[in-house]
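Novice: build me a model:
(chains A and B)
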Amino acid sequence: MVLSQVKNGKVKIAGFLGGKHFLKKMNALGILIGDIVEIVANPGHGPVIIGKGSLRIAIGFGMASKILVEKVSDEKDSNSG
Amino acid sequence: MKKIVIAGNPNSGKSTIFNNLTGENQKVGNWPGVTVEKFEGKFNYKGEEFYVVDLPGTYGLSSFSIDEKIAREYLIKENPDVIVLVVDSTNIERHFYLLTELLEMGKNVVLCLNMTDLAEEKGTFIDENILSKILKIKVVKTIGNKNIGTDKLKDAIYETSKNKREDFLKIDYGKEIEDFIENIKKEIKIPEYLPERWTLIKIFSKDEDIINLLKIKKEIIEKIDKISNFHGFSDSENLIIEKKYGFIRGILKESVIQKGKIWKRLEISDKVDKIVTNPWIGLPIFLIIIFAIFEIIFEIGNPLQELIDKFISFLSSSLNSLLKNLAPPFLLSFLTDGILGGIGSVIIFVPNIFLLFFLISILEDSGYMARIAFTMDRFMHYIGLHGKSFIPIVLGFGCNVPAILATRTIESRRDRIITIMIIPLISCSARLPIYILFAGAFFKKYEGLIVFSLYLIGIVLSIIVAKVLSETIFKKKEEAPLVMELPPYRKPAIRWCLKMGSLRTKVFLIRAGTIIFLASLIIWLLASLPLSIPYGSKDTILGKIGSFIAPIFSPAGFGRWEIAVALLTGIVAKETVVSTLGVIFGSENLIDSLKNIFNPISAYSFMLMSLIYIPCIATMAAIKNEIGLKYLLITITYTILLGWVIAVIFYQTLNLFL
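Specialist: Presented below is the predicted three-dimensional model:
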């Protein structure tokens, strides 16, 4: 599953398909593989905003479809993909 | 005098700390060779003078972006006495990444934990004493926007500046990497001025600049790749980053306590973002904000401009009547048309430019600027640009000069160059008088439509040119990943915005002002020589040049010297086209004279030419300042050619059919 497909809830970052620069940029912004992030906004075609603690990162739609994620089972969320 | 540098991530509150330290004692310039702003200031503490430089906000010290390159070159070459690292305490993990780089360099660092009030509100409590003990540096808590902790920070800087730091931070990168580094140390001679440990790590990270500088051999690179592949990383720098974060997490475990996780401020911020970044609601909101800025700049700015204009005319006429019998007419014209006219054409821009910079600072400081890029990004992508290019283009409708200056918010140099190069195609308010004159004379009843069509043609051309430029000479090698940090929304600090507005305006006045002034003087001189004949008439140098180049415009339907002269003087400022025509033909029967020379087709062709042909002097000065002479020359050439070609095609095609 990729980040752009997730509308809400929390996910675990599993990997980046976007090349080494993309990975570096995400790392520089404080998002690492294995981090659990919250989907703050994902309108569908626009940017996806993710949150980690008080950090908010906006990711262009194209890039958001290059981030592999795993759904983290929340209290409400039983669906794991 | 001791040299102090303020470093930190973007949005760490760096500039506030810089302001708190230096007070009003600041100036703004540019980093050598680039147009990234450089802020400098001074303060005194316990009889010692401290010179402070605010580095550009960076996440690390790689050779990846201009800002990071500037920062690290400065740190290596200037070797400051103390680096103050400003850290956002609400997001300490990420901000500590830069700390590991600085400590690895062996620099004297004072750690400034900023926004501790917000962190504590959120339940994050940091023990600065433990941090200080682990890192062996001074740690100070501050609340920048309330000016709390500034004296303690000054004291820490003062104490730290007295001795050089002896021990370099040594993160353990694991046996393979450490062994590799030990071997490299024996093989390669690292220049004295480069910090050893830091450089070795950069070699392992395959840092482009360091690899080139030290001429690292292929075999070594292969060895590096082997080690990182073994650890499951395709790129060695990412392995180093991972290790650094591991180290940071270790420190934070010992020094930070997290209680609860409720943070109201962010909840509101998140709700606003859900709305603002929604494509259906966000776009209208964005357009309203841009429209409001446009209105403010020109509703408040234009009356002020008129006032300045009136004041200059008043000065000029009083000077005229005062010196009429004392000075020869040439000297008088030199003083009024030349000097006063020249100065006038510069300071007339001040109200608009100040307002623009002020409002941009508000957008930046409130956090909205970061969101705009995303709202417009999808559309701008079609023409090969970034969402951030949209704001300057819209501002170009008012005046191209502030529009070009507004491109400073675009990080990518390529995007900036393309954006600046298409801005002259956007119809600024100075071109409107030309359209009104000609539309009124030749297209009665359809004036609105005709003027609108010219604005539209400008937009369409700018889109085409941007598309062509981005697919040819500026073809992207790799798409820059569109990822950015969104700072939480906050109430903008008006005082800071006013200060930014005036500092940036001052820089513009000094740099662009001299060029505009000189160029206006040259045009004036050409239009007044020889002295015996009226200003701007056929036998002046300018008139002769006009007669000489007029045949070029024949295929476009307006090959006459008067028109050529009008276009030439229009280079000073586009609205001058109208006043020059007025001088040559006499204002009373201007329209009748024009009707003798033009027909509707050639009139529209002339309007097309006026829209496109060349940026005015003020715009040229801004282009040269922002991206350099080379791109100015390219812009001048392409606009002249494009204007001529389009006018000719239009004139010839319509004559063929009508």
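Novice: what about the longest helix along chain B, distance to the chain center?
Specialist: Determined from DSSP state H, the single longest helix within chain B is helix B:279-323. Relative to its parent chain, helix B:279-323 has a centroid offset of 21 Å by Cα atoms, centre = their mean, to the nearest Å.
Novice: pLDDT averaged over it - what is it?
Specialist: Mean per-residue pLDDT for helix B:279-323: 82.
Novice: is any part of it close to chain A?
Specialist: Yes: contact of helix B:279-323 with chain A (Cβ under 8 Å from any Cβ of the partner chain) involves B:Pro279, B:Gly282. Yep, even glycine has a C-beta here, placed from its N, CA and C like the rest.
Novice: list the buried ones in the helix or strand following that helix?
Specialist: Counting by DSSP states H and E, the element after helix B:279-323 in chain order, helix or strand, is helix B:329-333. Within helix B:329-333, the residues that qualify as buried are B:Leu332, B:Ser333, counting by 16 or more other Cβ atoms under 10 Å in any protein chain shown.
Novice: identify the residues contacting helix B:329-333?
Specialist: B:Leu319, B:Asn320, B:Leu323, B:Lys324, B:Trp524, B:Ser528, B:Leu531, B:Tyr535 (Cβ atoms under 8 Å, 6 or more residues apart in numbering or on different chains).
Novice: ok, those vs chain A, which is closest?
Specialist: B:Trp524 (50.2 Å; Cβ to the nearest Cβ).
Novice: list the contacts of the closest residue to that closest one other than its chain neighbours.
Specialist: Spatial nearest neighbour of B:Trp524, excluding adjacent residues (Cβ to Cβ, 6 or more residues apart in numbering or on different chains): B:Gly338 at 4.4 Å. Applying Cβ under 8 Å, 6+ apart to B:Gly338 gives the contacts B:Ser520, B:Leu521, B:Trp524, B:Leu525.
Novice: re the thing from before, for the contacts of helix B:329-333, give me TSV that also has neighbour count.
Specialist: Shown next, in TSV, are the contacts of helix B:329-333 (neighbours: other Cβ atoms under 10 Å in any protein chain shown):
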residue	neighbour count
B:Leu319	16
B:Asn320	14
B:Leu323	15
B:Lys324	10
B:Trp524	23
B:Ser528	22
B:Leu531	10
B:Tyr535	13
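Novice: list the helices and strands the lengthiest helix in chain A packs on?
Specialist: Counting by DSSP H, the longest helix found in chain A is helix A:19-28. With contacts defined as 3 or more Cβ pairs under 8 Å, 6 or more residues apart in numbering or on different chains; DSSP states H and E, the packing partners of helix A:19-28 are strand A:10-16, helix B:236-255, strand B:483-485.
Novice: could you redo the last one with a cut-off of 10 Å?
Specialist: strand A:10-16, strand A:55-59, helix A:61-64, strand A:67-71, helix B:92-104, helix B:236-255, strand B:483-485 (3 or more Cβ pairs under 10 Å, 6 or more residues apart in numbering or on different chains; DSSP states H and E).
Novice: report how many residues lie close to the closest residue to B:Ile297 other than its chain neighbours.
Specialist: Among residues not flanking B:Ile297 along the chain, B:Leu355 sits closest, at 4.8 Å (Cβ to Cβ, 6+ apart). Look at B:Leu355: counted by other Cβ atoms under 10 Å in any protein chain shown, it has 22 neighbours.
Novice: what helix or strand is the nearest residue to B:Ser389 once chain neighbours are set aside on?
Specialist: In space, and not counting its chain neighbours, B:Ser389 is closest to B:Thr419: 4.2 Å by Cβ to Cβ, 6+ apart. Assessed by DSSP H and E, B:Thr419 sits inside helix B:413-422.
Novice: again, but for B:His381
Specialist: Here B:His381 is assigned to helix B:368-382, by DSSP H and E.
Novice: returning to that earlier point: buried ones in the next helix or strand after the helix holding B:Thr419, by neighbour count?
Specialist: Toward the C-terminus, helix B:413-422 is succeeded by helix B:432-442 as the next helix or strand (DSSP H and E). Of the residues in helix B:432-442, B:Leu432, B:Pro433, B:Ile434, B:Tyr435, B:Leu437, B:Phe438, B:Ala439, B:Ala441, B:Phe442 count as buried by neighbour count, 16+ other Cβ under 10 Å.
Novice: could the contacts of B:Gly338 be laid out in JSON lines, adding distance to A:Glu70?
Specialist: Converted to JSON lines, these look like this (distance: Cβ to Cβ, whole Å):
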{"residue": "B:Ser520", "distance to A:Glu70": "65"}
{"residue": "B:Leu521", "distance to A:Glu70": "68"}
{"residue": "B:Trp524", "distance to A:Glu70": "71"}
{"residue": "B:Leu525", "distance to A:Glu70": "73"}
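Novice: for those, pick the one with the most neighbours.
Specialist: B:Ser520 (25 neighbours).
Novice: I'd assumed B:Leu526 was in contact with that residue.
Specialist: No: B:Ser520 is beyond contact range of B:Leu526, at 11.0 Å (criterion: Cβ atoms under 10 Å).
Novice: which parts of the stretch 101-250 of chain B are strands?
Specialist: Using DSSP state E, counting those that start in this stretch, the strands assigned to the stretch 101-250 of chain B run over residues B:109-114, B:124-126, B:138-141.
Novice: most packed of those strands?
Specialist: Scoring these by mean neighbour count under mean count of other Cβ atoms under 10 Å in any protein chain shown gives strand B:109-114 as the most buried, with a mean of 26.
Novice: mind checking how far it is from the chain centre?
Specialist: Chain-centre distance of strand B:109-114: 29 Å, with Cα atoms, centre = their mean.
Novice: can you give me the distance of the residue most central in space within chain B to B:Ile17?
Specialist: Residue closest to the mean C-alpha point of chain B, counted by Cα atoms, centre = their mean, is B:Arg408 at 1.1 Å. As defined by Cβ to Cβ, to the nearest Å, B:Arg408 lies at a distance of 22 Å from B:Ile17.
Novice: likewise for B:Lys154?
Specialist: B:Lys154 is 11 Å from B:Ile17, by Cβ to Cβ.
Novice: in the stretch 451-600 of chain B, what residue is nearest chain A?
Specialist: For the stretch 451-600 of chain B, Cβ to the nearest Cβ, closest residue to chain A: B:Leu482, 3.2 Å.
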